[in-house]
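Asks: Fold the following and give me the result.
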Amino acid sequence: MRIAVIGTGYVGLVAGTCFAESGNTVTCVDIDAQKIKNLEDGILPIYEPGLEELLKRNVEDGRLVFTTDYAKAVPGAHAVFIAVGTPPDEDGSADLKYVLAAAETTAKHMSGYTVIVDKSTVPVGTARRVAAAMQKHAKHPFDVVSNPEFLKEGAAIDDFLKPDRVVIGSDSKRAADMMEELYAPFVRTGNPIIHMDIESAELTKYAANAMLATRISFMNEIANICSRVGANVDLVRKGIGSDARIGSRFLFAGLGYGGSCFPKDVQAIVRTSAQHGYDFRILQAVEEVNERQKLLLFDMVRDHFGGDLAGKRMAIWGLAFKPNTDDMREAPAIVVVEALLAAGATVRAYDPEAMQEARHRHFGDRIEYADNPMDALPGADALVLITEWNEFRRPDFDAIKEKMAQPVIFDGRNIYRRKTLEELGFKYFGIGT
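Replies: I've put the predicted structure just below:
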């Protein structure tokens, strides 16, 4: 099948590469000429495990090409996936100008019947708006389909190639059948392709992310109660996670959620609800709890040092919002580091993948950057762990203690055992433990 993908951001690049891997001919379009040149040279704009190798193989085999020209991608395509950004407006609603612009330009270049697929995360009603925008320019028939993505950064390739489910929202049997054929190679083990109306598909993505965000904020609230009553949130998590009605995933306490999806999707569904006269109080609370939680680690550091952090040296492990990505959008590390700097502390940080992101988009020369985890430690008054990369899980604590000015660890992800560290002479602070 011939496929065009509009947008080479996270979703578009993963989708286009994986569709090519399954034997389709895929052309990815982006208005950023430098990004397209880099992709042609095998230089990716994001870090995602396994993506670089997959992309290079499909480019070499001729199934995956990149261009800035719609005229080279859209004519002859059976399906066009719109995967451009939908950044939040000031009021939290999704900004659809890039989606609608891509739809209008696509309409001008179609050469026959085409399925237009909304792959970007978009609010309810977007498919209808896309169809209306295209109708003004289209000379050929088309159908608009909602096909939300459910990719986890750091595991996106597996999520796409072996999805838990594929959601297809369409009011056209012709379009639905084509989408089913396209996704058939990915669901051979029996995971479902779920067909539904367009509006339900559009809401499904927001509802899924809102539920996961709610679980995270709920457990962070439980962790904060644990700290006050002397309970251990890890034990509470095990106790409730063993209930089949609840399950064990997304019940880890920490510094809140970040990234490109949960924050803006929670805001968007709250805004959409308000536009339809409904006050979504639970998700408003979820968002408030999450923002407050990001400052919790800083509050713990400040309180330990008696409210005076001037001149204190902080070692930071982890800057990305989660492991296995270089994404720092809405990352708790931004809030923690900015608060430490504002309080007069100096910061030396290390992250396996997000160092360039941190330097060029967030902190510049206001912090120091270590070459490896141990390089962040000399003279540090405290080690502050923010992102739970695997390489941080089993460090040489004796070597850590020797390098630090004070043996103090603030564990924002509860990956260490309090008893072990205290026996080694550390002062240990976790979240709700």
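Asks: in the chain, which spans are strands?
Replies: Applying DSSP state E to the chain gives strands spanning 2-6, 25-29, 64-67, 79-82, 114-118, 142-146, 166-169, 193-196, 313-317, 346-350, 368-369, 382-385, 408-411, 427-429.
Asks: can I get those strands in CSV with mean pLDDT and mean neighbour count?
Replies: No exception for glycine: its C-beta is placed from N, CA and C like everyone else's. Shown next, in CSV, are these (pLDDT from 0 to 100; neighbours: other CB atoms under 10 Å):
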stretch, mean pLDDT, mean neighbour count
strand 2-6, 98, 26
strand 25-29, 98, 25
strand 64-67, 97, 22
strand 79-82, 98, 26
strand 114-118, 98, 27
strand 142-146, 98, 24
strand 166-169, 97, 23
strand 193-196, 97, 15
strand 313-317, 98, 26
strand 346-350, 98, 21
strand 368-369, 98, 18
strand 382-385, 98, 26
strand 408-411, 98, 22
strand 427-429, 97, 17
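Asks: Out of these, the one nearest residue 130 is which?
Replies: Smallest distance to residue 130 across these (CB to CB): 5.2 Å, for strand 142-146.
Asks: Show me what that closest one is packed against.
Replies: When contacts are defined as 3 or more CB pairs under 8 Å, 6 or more residues apart in numbering; DSSP states H and E, strand 142-146 sits against strand 114-118, helix 126-135, strand 166-169, helix 173-183, helix 198-229.
Asks: most packed of those?
Replies: Comparing the helices and strands packed on strand 142-146 by mean neighbour count (mean count of other CB atoms under 10 Å), strand 114-118 comes out on top with a mean of 27.
Asks: now the angle from that one to strand 2-6?
Replies: Counting by axes from the mean of the first three to the mean of the last three CA atoms, to 10 degrees, strand 114-118 lies at 40 degrees to strand 2-6.
Asks: one step back: looking at the helices and strands packed on strand 142-146, which is nearest to residue 56?
Replies: Nearest to residue 56, of all those, is helix 173-183, at 23.1 Å by CB to CB.
Asks: And that closest one, what does it pack against?
Replies: Checked by 3+ CB pairs under 8 Å, 6+ apart, helix 173-183 has strand 79-82, strand 114-118, strand 142-146, strand 166-169, strand 193-196 packed alongside it.
Asks: Mind listing residues that contact the fourth one?
Replies: For strand 166-169, contacts defined as CB atoms under 8 Å, 6 or more residues apart in numbering pick out 127, 145-148, 150, 176, 179-180, 183, 186-187, 191-202, 204-205.
Asks: these two touch, right, residue 145 and residue 175?
Replies: Yes: at 5.2 Å, residue 145 and residue 175 qualify as touching, with contact defined as CB atoms under 8 Å.
Asks: list the residues that contact both of those two?
Replies: Residues touching both residue 145 and residue 175 (CB under 8 Å, 6+ apart): residue 115.
Asks: If you drop the residues flanking it in sequence, what lies closest to residue 369?
Replies: Counting by CB to CB, 6 or more residues apart in numbering, residue 369 lies nearest to residue 355, which is 5.6 Å off, once chain neighbours are set aside.
Asks: Do you know the pLDDT at that neighbour?
Replies: At residue 355, the pLDDT value in this model is 97.
Asks: before we move on, what about residue 54?
Replies: On pLDDT, residue 54 comes in at 96.
Asks: how far away is it from residue 158?
Replies: 11 Å (CB to CB, to the nearest Å).
Asks: Same check on residue 372?
Replies: Residue 372 is 28 Å from residue 158, by CB to CB.
Asks: Please say which of those two ends up with more neighbours.
Replies: residue 158 (13 against 10; other CB atoms under 10 Å).
Asks: And that one, how close does it get to residue 148?
Replies: As judged by CB to CB, residue 158 and residue 148 stand 18 Å apart.
Asks: can you check residue 34 too?
Replies: As for residue 34, its distance to residue 148 is 29 Å (criterion: CB to CB).
Asks: So between those two, which is more surrounded?
Replies: A direct count of neighbours by other CB under 10 Å for residue 34 and residue 148 places residue 148 higher, at 22 against 11.
Asks: mind giving me the domain ranges of this protein?
Replies: Residue ranges for each domain of the chain read 2-196, 205-293, 295-429, as given by automatic domain parsing.
Asks: Does residue 120 touch residue 9 like I think?
Replies: No: counting by CB under 8 Å, residue 120 stays clear of residue 9, with 9.0 Å between them.
Asks: Just want to know which of the two has more residues nearby.
Replies: Of the pair residue 120 and residue 9, residue 120 is the one with more neighbours under other CB under 10 Å, namely 25 against 17.
Asks: Next, give phi and psi for the nearest residue to the more buried one once chain neighbours are set aside.
Replies: Closest residue to residue 120 apart from its sequence neighbours, by CB to CB, 6+ apart: residue 86 at 5.1 Å. For residue 86, the backbone dihedrals (degrees, to the nearest 10) come out as phi -130, psi 70.
Asks: who's in contact with residue 86?
Replies: Residue 86 makes contact with 94, 95, 96, 98, 99, 120, 121, 122, 264, according to CB under 8 Å, 6+ apart.
Asks: Of the residues you listed, which is the nearest to residue 137?
Replies: Closest to residue 137, out of all of the contacts of residue 86 and judged by CB to CB, is residue 99, at 14.9 Å.
Asks: Now do the same for the closest one: its pLDDT.
Replies: At residue 99, the model reports a pLDDT of 95.
Asks: do you know how far it is from residue 219?
Replies: Counting by CB to CB, the gap from residue 99 to residue 219 is 34 Å.
Asks: go on, residue 3?
Replies: Applying CB to CB to residue 3 and residue 219 gives a distance of 40 Å.
Asks: Give me the below-cutoff pLDDT ranges for this protein.
Replies: 90-92 (pLDDT under 70).
Asks: switch the cut-off to 80
Replies: For the chain, the stretches flagged by pLDDT under 80 are 87-94.
Asks: Now render the helices and strands packed on helix 173-183 as JSON lines, adding distance to residue 363.
Replies: Shown next, in JSON lines, are the helices and strands packed on helix 173-183 (distance: least, CB to CB, whole Å):
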{"stretch": "strand 79-82", "distance to residue 363": "34"}
{"stretch": "strand 114-118", "distance to residue 363": "35"}
{"stretch": "strand 142-146", "distance to residue 363": "38"}
{"stretch": "strand 166-169", "distance to residue 363": "38"}
{"stretch": "strand 193-196", "distance to residue 363": "43"}
